[in-house]
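J.: what's the 3D shape of this:
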Amino acid sequence: MAQVSRVSRRRNSKKSPITASGKVEFKEEKAAAGWINWLPLIFVFFGGAAYYNSLHAPFILDDRYHIVENGRIHQLWPPWPYLLHTSRPIIYLSLALNYAVGGLDPVGYHVFNIAVHIAAALILYGILRRTLLSSLLRQQFGASAIWLAGLTALIWLVHPIQTESVTYVVQRGESLMGLFYLLTLYCVVRGIESPRSAWWYAGAVASCFLGVGCKGVILTAPLVVFLYDRAFFAGSWRDLVRRRWHLYAGLAATCLLFPLLLSQAPEEWKESAGFEYAGATPLKYAMTQSAVLLHYLRLVFWPDALCLDCGWPITRTAGDVLPQLLIVGVLVAATIWALRRKPALGFLGAWFFIILIPTSSFMPIADAEVDHRMYLSLAAIVALTAIGLFWLMRRFGAPSIAWLAIGLIVPLLTALTVRRNSDYASELTIWQDTVSKSPRMPRAQYDLAHSLEAENRIPEAILHYKKAIEDNPDYVDALNNLGHVLAVSGNVQDAVPYLQRAIALKPGLAEAHLNLGYALAQQGKVKDAIAQWEETIRIKPDLADAHNNLAIALALDGRTEAAVDHWEQALKVTPDSADIHNNLAYALSRLGRTRDAFLHYEQALRLKPDYVLAQDAFAKLLATLGPEAGGDPNRAIDLASHACAATNNQVASYLETLAMSYAAARRFEDAIRTAREAIEVARSTGHPEIEREMEARLDLYRHGRA
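T.: As a prediction, the model looks like this:
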């Protein structure tokens, strides 16, 4: 900060703009100072306005893997399972906290993401304000520092390109890393200005350390902070190193944690990047990024093409992107020149490019373009545009035009963000939007098909699964899901080839073996189905559906004891499955273990009180047992009555059970009436076997025999 060693004063002289602390005061700054206390509320208001309609947005894409299917975060304590088996332990800790508070209700996760984003915007405001008040810029912008910093940070807060980092839950990896990145820089700025700098520098190192636990982009923070220090505060490189070498040693040391964390990443993460990933060499990837960077810049000023999964193609030759390469080359050269001649301007360019180096330079990554990578880099473009516009208008004597333009852009961008968040209202809407913008992206077609399948729009789902396979014939997940949908919709003959191809491409895909087993069972090939389900269990022993399906097949084959073993294995994985409790109860009753069967029927009905299959089966068992074995005709009548009422007395087998229950309770008139009703329903619905059986029982009931 600019310091004045001595200031003389006269009692009657005009008040000097220089304070006793040596800081210059401007009328505009004093007028705006009163707004500082209101800034958090202003940021909360605009952040809430921009993202209020995202609170109920469902989990999408990678959210399923990291949240819904990630059992490690489903318990908060002990934390070691999720802290020691990921390269992003801070993200997993935040997800575990969300799960502990609200389970799988997405609202809590979205509230957390929005709060992180607002906090990051407030810290960005603090950095911008103190930068504009630095000795380098104070004379030009000090009078308007509060307003300029506040409006710039607000634009960054509500810009629609940020939605992917905020509304897409698991991309909090970007926003939470961004929060710690900005906090690292803010602590350094405060430390430079503070007589107690050690505490602020310790805070910067701690923030950077936490950021490493969020995402690898934080590795650029020491360099960016170093360049910031040189641009705005240090008199020379030598002076910077001499005064604050210990700070930068500490920041650099935090980066040593990253290789250790990366070694804990899941294998599929490690396979999504690399110098030869999917044929994308570093050179080809770098050429591709020239076009991607210009695409990002276009989205900053015209965010009309935001796409969750655009599938940007890899450039094959330099000629394909020659204009883009030239433009990016000029921008990089201008940044390097400005760092030497115009440090403040050069730093903004460095901020933009350096933060994008880990993802948008030469290291091939599965997705060449994703909007959330602009989370922090956006700040440089917004600051350059807002501050540059203000400087230009002031040069022409019209600063009010600049204030009007900057001020109007905030509500406009807020409205655009609200509109973009409406695309996230459901899985179906976000994937419909994505496919409309990127129709040749197989993964988008696949996820749209998956969403349509969940909505039971099966013909449309089949169409989009087929489109995904047309664009990528080796898309294993699409082959598997298409085979499954075809099988459950009755097209078993068509399903089998898709499932067999999926297994040929990926023999270890347990779900494909599971689905193929189902399709074969539908064709009557029970032994082949059993072989597929046994293979499924070999690959994935904790897949409850495989144990359940195999148990059903074994029970139908008369191997009831073996079936019971598999149902018990299934319950170890999914103890809250009413279906499996019901199936196991039936098998136990066949083995004569009626007391155990009672327990599982009770559990099935506790989990699913309106479960008519369990009500009917349990009622039949209670009606056919003697009192000494636990029979209870009155309970049987109650259960069977509920099953009949739930199906409007239109299921003959349920009416048959109710008649049996009445007879067991010696209420033969009710038994005769219900049996006749069962006969009529059986006749009208085409079940002659039930009709014949009830005719025989009706004769028993007429003679007072159960």
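J.: where does pLDDT dip in the chain?
T.: Flagging of the chain using pLDDT under 70 yields the residue ranges 1-36, 266-279.
J.: buried residues, the helix or strand harbouring Cys208. List them.
T.: Per DSSP states H and E: Cys208 is located in helix 197-212. By neighbour count on 16 or more other C-beta atoms under 10 Å, the buried set for helix 197-212 is 197, 200-201, 203-212. (C-beta placed from N, C-alpha, C; glycine too.)
J.: so what secondary structure elements neighbour that helix?
T.: Applying 3 or more C-beta pairs under 8 Å, 6 or more residues apart in numbering; DSSP states H and E, one finds that helix 197-212 contacts helix 172-193, helix 221-232, helix 237-254, helix 257-262.
J.: and of these, who's closest to Ser94?
T.: helix 172-193 (6.7 Å; C-beta to C-beta).
J.: what are the buried residues along the closest one?
T.: By neighbour count on 16+ other C-beta under 10 Å, the buried set for helix 172-193 is 172-192.
J.: quick one: it to helix 237-254, angle?
T.: Computed by axes from the mean of the first three to the mean of the last three C-alpha atoms, to 10 degrees, the angle separating helix 172-193 from helix 237-254 equals 140 degrees.
J.: can you give me the offset of helix 172-193 from its chain's centre?
T.: Put simply, helix 172-193 sits 24 Å off its chain's centre (C-alpha atoms, centre = their mean, to the nearest Å).
J.: returning to that earlier point: so which of the helices and strands packed on helix 197-212 comes closest to Phe362?
T.: Proximity to Phe362 (C-beta to C-beta) singles out helix 221-232 among the helices and strands packed on helix 197-212, at 16.7 Å.
J.: buried residues, the closest one. List them.
T.: For helix 221-232, the neighbour count (16+ other C-beta under 10 Å) marks 221-232 as buried.
J.: with stretch 129-141 instead?
T.: In stretch 129-141, counting by 16+ other C-beta under 10 Å, buried: 129-134, 136, 138, 141.
J.: and the residues you listed, which two are the farthest apart?
T.: Largest pairwise distance in the buried residues of stretch 129-141, by C-beta to C-beta, is 14.1 Å, between Arg129 and Leu136.
J.: how many neighbouring residues does Ile155 have?
T.: By the other C-beta atoms under 10 Å criterion, the neighbourhood of Ile155 contains 25 residues.
J.: surely it meets Leu408?
T.: No: contact criterion C-beta atoms under 8 Å: Ile155 and Leu408 do not qualify, at 10.8 Å.
J.: find residues that contact each of the two.
T.: Here Ile155 and Leu408 have no joint contacts, going by C-beta atoms under 8 Å, 6 or more residues apart in numbering.
J.: for Tyr285, see how far away Asn70 is.
T.: Distance, Asn70 to Tyr285, using C-beta to C-beta, to the nearest Å: 30 Å.
J.: and Asn113, how far from His513?
T.: Remark: distance between Asn113 and His513 (C-beta to C-beta) = 37 Å.
J.: hey, which helix is longest across this protein?
T.: Ordering each helix of the chain by length in residues (DSSP state H) puts helix 106-132 first.
J.: is it true that His85 lies in a strand?
T.: No: applying DSSP: H, G, I helix; E, B strand; the rest coil, one finds His85 to be coil, outside a strand.
J.: now for the closest residue to it other than its chain neighbours, how many residues are close by?
T.: Excluding its sequence neighbours, the residue lying closest to His85 (C-beta to C-beta, 6 or more residues apart in numbering) is Gln264, at 5.8 Å. Gln264: 14 surrounding residues under other C-beta under 10 Å.
J.: can you check Ser263 too?
T.: 9.
J.: quick one, what contacts it?
T.: So Ser263 contacts Ser87 (C-beta under 8 Å, 6+ apart).
J.: for it, phi and psi?
T.: Geometry field for Ser263 lists phi and psi as phi -70, psi -20, criterion degrees, to the nearest 10.
J.: also His687?
T.: Dihedral angles of His687 (phi, psi; degrees, to the nearest 10) stand at phi -120, psi 80.
J.: surely it is in contact with Ala652?
T.: Yes: contact criterion C-beta under 8 Å: His687 and Ala652 qualify, at 5.3 Å.
J.: so which helix or strand takes in the residue nearest to Leu223 when sequence neighbours are not counted?
T.: Here the nearest residue to Leu223 in space, its sequence neighbours aside, is Ile354; by C-beta to C-beta, 6+ apart that works out to 6.1 Å. Assigned by DSSP H and E, Ile354 belongs to helix 343-356.
J.: where do the helices of the stretch 551-700 of the chain begin and end?
T.: 560-573, 578-590, 594-607, 612-624, 633-646, 652-664, 668-685, 688-702 (DSSP state H, counting those that start in this stretch).
J.: quick one: list the elements packing against the fourth one.
T.: Where contact means 3+ C-beta pairs under 8 Å, 6+ apart, helix 612-624 is packed against helix 578-590, helix 594-607, helix 633-646, helix 652-664.
J.: how about the contacts made by Met287?
T.: Shown in contact with Met287 (C-beta under 8 Å, 6+ apart): 315, 317-318, 320-321, 325.
J.: write the ChimeraX selection for whichever of those are buried.
T.: Here is the ChimeraX selection string for the buried members of these, based on 16+ other C-beta under 10 Å:
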select :315,321,325
